[in-house]
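Chemist: Provided below are the primary sequence and the corresponding predicted coordinates.
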Amino acid sequence: MIRPALEVADIFRDHGPAWRAANAGHVSLDQMKVMSAIERCRTVALGGHVARCENGACGHTVIAFNSCRNRHCPKCQGAAARKWLAEREAELLPVGYFHVVYTLPAPLRDIAWQNKRVVYDLLIKAAAETTITIAADPKRLGAKIGITAVLHTWGSALTHHPHVHMIVPGGGLSQDGTRWISARPRFLARVEVLSRLFRGRMLAMLAEAHDEGRLRFSGHLTSLGDIKTFKRVLAPLRRTEWIVYVKAPFAGPEQVLRYLSRYTHRVAISNRRLVSADDGSIAFRWKDYRITGPERWKTMSLHPHEFIRRFLIHVLPKGFHRIRHYGLLANTNRAESIAKARELLAAAPRVVEPEEKPAAPDEPRVLPCPCPRCGGRMIVIEVFAKGCEPSWRPTPAPAPIRIDTS
């Protein structure tokens with residue numbers, strides 16, 4: 001018998017009640033909702049449908065339960081990622097794209113943990129402003145560029161490690177909008193320049209947020225409520241180099257799409273990285289970036305309660321936008337800017353497959369995936385509500401008949 005693959009949902013169902021009891025009063029409402037959504041995802045609790053192959057000779061029938069669609073659920077990101085990438089495909093330009101990463105220094109991570117909405121927002125804005133400012137400098141690129149930024153808050157071992165991934169086209173519009181200015185083939189900007197401007201912007205934004213009373217501190221950070229103490233803690237960070245990483249441009253737009261698909265809708269840990277689970281430990285694969293080669297992949301074991309704690313560190317505040325667009329790709333002027341860039345690059349608009357039209361009310365609902373046995377269409381024959389079992393049941397296989405020939 002093939003054992004089903006281990007999932008984060010299994011860990012939550014098995015160990016979540018004890019973890020919630022042990023941490024009563026210290027779990028946020030957002031974290032509770034995420035746990036509940038993942039535990040209920042694709043179970044009878046959310047209802048579902050029954051679909052059957054339209055090929056009468058096949059008749060393959062499946063029961064499928066509804067997804068929770070929570071953005072922190074490891075099982076619910078595929079459809080959202082495909083939809084988002086399809087929308088982005090039409091916006092890709094025939095130029096090289098750079099990958100830029102801005103990392104929040106370790107001494108600021110506890111402040112970010114206690115002020116997620118404010119500090120994460122400032123982190124994305126400071127990184128975007130830094131990149132746009134350097135690119136606009138006539139001594140460097142001297143162009144208005146576009147940015148797609150994605151916030152991640154985790155390291156491979158589920159630790160708190162806030163950083164921003166950016167995809168940046170290798171060029172931009174001139175300040176008067178009449179020319180396309182290309183970046184050097186394998187160079188966007190010096191990381192030292194980006195690092196120092198990012199450092200100054202982020203520290204200035206944090207000081208302003210403190211002055212405006214937008215930061216809250218508790219526990220071992222309570223003393224930071226005093227502005228003098230806060231500035232004294234931040235002072236050493238003005239003399240350190242902040243980590244900024246710039247990767248050489250991608251080979252082409254298709255590679256950009258594949259790369260984006262790995263980052264935009266990723267969660268703290270995917271189910272495929274889970275190795276084993278029992279009452280005493282959860283084992284999962286993690287990547288040690290200090291090592292190169294296949295040896296960088298290692299296995300870590302955590303107590304189930306510690307695993308749940310680390311996973312829930314990365315629950316974002318309700319309504320927080322972790323994917324953002326700036327410059328030429330800002331929502332307010334994206335279509336116009338892309339059209340102008342294509343005109344100056346003498347590039348034809350990218351052809352994107354149109355979305356399928358929804359079925360008419362009197363037409364049968366057809367699943368997007370064909371029958372795994374014969375390739376026919378899978379037609380929904382029953383829909384059942386939350387908490388209800390489907391009325392259709394698979395026909396039990398006939399019991400084997402033993403014939404005694406002795």
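Modeler: That came through, no problem.

Chemist: Quick one: end-to-end distance for stretch 130-146.
Modeler: 13 Å (C-alpha to C-alpha, to the nearest Å).

Chemist: Now do the buried residues in that stretch.
Modeler: Applying a neighbour-count criterion of 16 or more other C-beta atoms under 10 Å, one finds 130, 131, 132, 134, 135, 136, 140, 141, 143, 144, 145, 146 buried in stretch 130-146. Backbone N, C-alpha and C define where each C-beta goes, glycine included.

Chemist: residues making contact with it?
Modeler: 100, 102, 147, 166, 168-169, 171-175, 177, 181, 183, 188-189, 193-194, 197-198, 201, 325-330, 337 (C-beta atoms under 8 Å, 6 or more residues apart in numbering).

Chemist: Try it again at 7 Å.
Modeler: With C-beta atoms under 7 Å, 6 or more residues apart in numbering as the test, stretch 130-146 has contacts from 100, 147, 166, 168-169, 171-175, 181, 183, 189, 193-194, 197-198, 201, 326-329, 337.

Chemist: Now list the buried members of these.
Modeler: The neighbour-count criterion (16+ other C-beta under 10 Å) marks 100, 147, 166, 168-169, 171-173, 181, 183, 189, 194, 197-198, 201, 326-329, 337 among these as buried.

Chemist: Okay, and which of these map to helices?
Modeler: Judged by DSSP state H, the buried ones among the contacts of stretch 130-146 include 194, 197, 198, 201, 337 as members of helices.

Chemist: can you tell me which of those residues lies nearest to residue 23?
Modeler: Nearest to residue 23 among those is residue 198, at 35.3 Å by C-beta to C-beta.

Chemist: wait, isn't the closest one in contact with residue 246?
Modeler: No. Counting by C-beta atoms under 7 Å, residue 198 does not reach residue 246; the two are 11.9 Å apart.

Chemist: could you pull out the helices for the stretch 51-200 of the chain?
Modeler: Counting by DSSP state H, counting those that start in this stretch, the stretch 51-200 of the chain has helices at residues 78-89, 109-114, 116-136, 191-211.

Chemist: quick check, distance from the shortest one to the centre of its chain.
Modeler: Averaging C-alpha positions (C-alpha atoms, centre = their mean, to the nearest Å) puts helix 109-114 20 Å from its chain's average.

Chemist: How about residue 150: which residues does it bridge to?
Modeler: residue 165, residue 323 (DSSP bridges).

Chemist: The worst-scoring helix or strand of the chain on mean pLDDT: what's the following helix or strand?
Modeler: Here the helix or strand of the chain ranked lowest by mean pLDDT, DSSP states H and E is helix 253-263, holding a mean of 74. Past helix 253-263, further along toward the C-terminus, the next helix or strand under DSSP states H and E is strand 274-277.

Chemist: neighbouring strands for that following strand, and are they parallel or not?
Modeler: Sheet pairing for strand 274-277, assigned by DSSP bridges, gives strand 282-287 (antiparallel).

Chemist: List the buried residues in the partner strand.
Modeler: 282, 283, 284, 286.

Chemist: neighbouring contacts of that strand?
Modeler: 11, 156-157, 269, 273-276, 296-302, 304, 307.

Chemist: Need phi/psi at residue 189.
Modeler: Torsion angles at residue 189 (phi, psi; degrees, to the nearest 10) stand at phi -170, psi 160.
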